[in-house]
Every structure is written in structure tokens, then in C-alpha cells.
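Colleague: With the sequence up front, the predicted model follows.
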Amino acid sequence: MEPPQIPAPGAPSHSLRQEVYDHLRNEMSRGGLQPGSFLDVNQLAARLKVSRTPLREALLHLESQGFVTILPRKGFRLNPLSIDDIRHFFEIIGALEAATMGRVGNSLGAADIERMHQLNAAMQEAVAACDFSLYYELNTAFHEVYLGRSDNQYLLGTIRSLKQRLYDWPRREGFVKAWEEDSIRNEHETLLRLLEAGAIGEAAAYLRDVHWSFELQQRYIQAYFFASQGNREPRAMD
């Protein structure tokens, strides 16, 4: 693990905290820090060649996002995702994306919808090529077309943080092809048809009740998050 770059003398104090945070997030995404493991703060500070203060501040940020649990005078534990975590995240993301669509949907023009069509087509090509990293980037851009119209940075920060918890902890090499194909060919296309018809309320409801429905997506969720681990998590209770 390469230590973060120490900022030059006189640089803003927050820059080292951000460097440490970015470094840890990158390691988490790459799989260098695995969910469920325990790390000693002193040992990690020594490894990164930073003091405990910026490391602890970075960890507090990660704790606020749900990535870690800080254990007083011990260190910190990297939180694994449970099936209930995923259910709660889907519920929150669905509610917030639907609320955003309800507020900004009427501001989307023909160019925005065409951009979403282009991204969706590119996603099909990425899935056909089994390039999940590209698919993930395109899918994020698809949703950002309308999310980016919101000026509510607290709402957007929550959505983006929860998506990172779902898909970057760590970033998986493979994916459930049927899930991505269903999302592209059915859900995204349905959403686009609703937007083209000016049915913003229906589009918002569709995001919440279908696209981000834990119950409707649960078979894919089980396959993506748990089947590859060799021990399937218990199914969530209705």
C-alpha cells in the first residue's frame, strides 16, 4: 500500500485529511481493504507515514458514510454489507432519486433525453463485451443526467455515498449479466419513454417502485452480492 502524498508546507490542513480519505477509499474499491476486517489505527498510521490526527479524521468521515465502525482505543472495523443494509439503501436511493426526478424532470430537454439514450446504448455494448467497469461508469452518467440538475448537495451526497457503499466495497470484477440487461432494455427504456411523454410523476414513481425496488430486484441482488461468496445471505423478511 503506497502512502498518501504529504502536502507541501503551508498547504491547507484539510488537504492531508482528504489525501488519506481518498487513499483509503481507493484501497477499499480495489479490494486492498476488505469488509469485515479489523485494522489498528497506530499500525495503519505508521504504514501510511501520517500522524493519527488526519487518519482519525478520515476514518470519522468513512464512519459517517457507513464504511467503518471506529472502536475506541482499539482501531476500526470495515463494515460488510448485509442483506438488510442493501434493502435500506435501495429504499433510500429510490426515494431520493424519485424526489429529484419529481423536482427536475420538467427541466430535462430533448438533448438530455437523447444523451440518456446514447448512454443506454453504450451500456448495452459494455455488457456485451463483459466490461463491467465501463458499464458502471456509463450507468452512473445515465442517472447523473437528471441528478445533476438538482442543487441539493446534501441529497446528492447521500445518493452517491450509498451507491459507493453498494458497488465500490470493493468493486467486483464480474456482474450479473441478466440484471444489467434487464435494467438497460426494460427499466431504462421504460423510464425514457415516460420522460419523452412528459409523464414526470410516473417516471419518478417508476424509479422508486421498480428500478430501486428491493423486492423486485432481490433475485439479482442475491446473485450479485452473495452467491459468489459461496454462502448466500439469508433472504430479507417481507
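Modeller: Done, it's in. Here the structure is a predicted model, which means the values were calculated and not measured. Numbering: from 1, shown residues only.

Colleague: Quick check, residue 93 in contact with residue 165.
Modeller: No. In this structure residue 93 lies outside contact range of residue 165 using Cβ atoms under 8 Å: 10.2 Å. C-beta coordinates here come from the backbone N, C-alpha and C atoms, glycine included.

Colleague: Those two: which is more packed in?
Modeller: Taking other Cβ atoms under 10 Å, residue 93 and residue 165 do not tie; residue 93 has more neighbours (21 against 18).

Colleague: do you know how far the more buried one is from residue 16?
Modeller: Separation of residue 93 from residue 16 (Cβ to Cβ, to the nearest Å): 31 Å.

Colleague: Over to residue 136?
Modeller: Counting by Cβ to Cβ - residue 136 and residue 16 are separated by 29 Å.

Colleague: Of all residues in this protein, which one is nearest the centre?
Modeller: The centroid of the chain falls nearest to residue 163 when counting by Cα atoms, centre = their mean (1.7 Å).

Colleague: Enumerate the positions of the lowest-mean-pLDDT helix or strand in the chain that are buried.
Modeller: Counting by mean pLDDT, DSSP states H and E, the chain has its least confident helix or strand at helix 14-30, which shows a mean of 87. Neighbour counts over helix 14-30 (16 or more other Cβ atoms under 10 Å) mark 16, 17, 18, 19, 20, 21, 23, 24, 25, 28 as buried.

Colleague: if you skip the residues just before and after it, what's nearest to the first one?
Modeller: In space, residue 16 comes closest to residue 54 once its chain neighbours are excluded; the distance is 4.5 Å by Cβ to Cβ, 6 or more residues apart in numbering.

Colleague: any idea of the angle whichever helix or strand the one you found is part of forms with helix 14-30?
Modeller: For residue 54, the element it lies in under DSSP states H and E is helix 52-64. Counting by axes from the mean of the first three to the mean of the last three Cα atoms, to 10 degrees, helix 52-64 points 50 degrees away from the direction of helix 14-30.

Colleague: Now do the domain split for this structure, please.
Modeller: When the chain is parsed with automatic domain parsing, its domains come out as 14-78, 83-229.

Colleague: thought the residue nearest to residue 16 was touching residue 15?
Modeller: No. Residue 54 lies out of contact with residue 15 (Cβ under 8 Å); the separation is 9.2 Å.

Colleague: Now the common contact residues for those two.
Modeller: Contact with both residue 54 and residue 15 is made by no residue, according to Cβ atoms under 8 Å, 6 or more residues apart in numbering.

Colleague: okay, residue 10: pLDDT?
Modeller: pLDDT, residue 10: 44.
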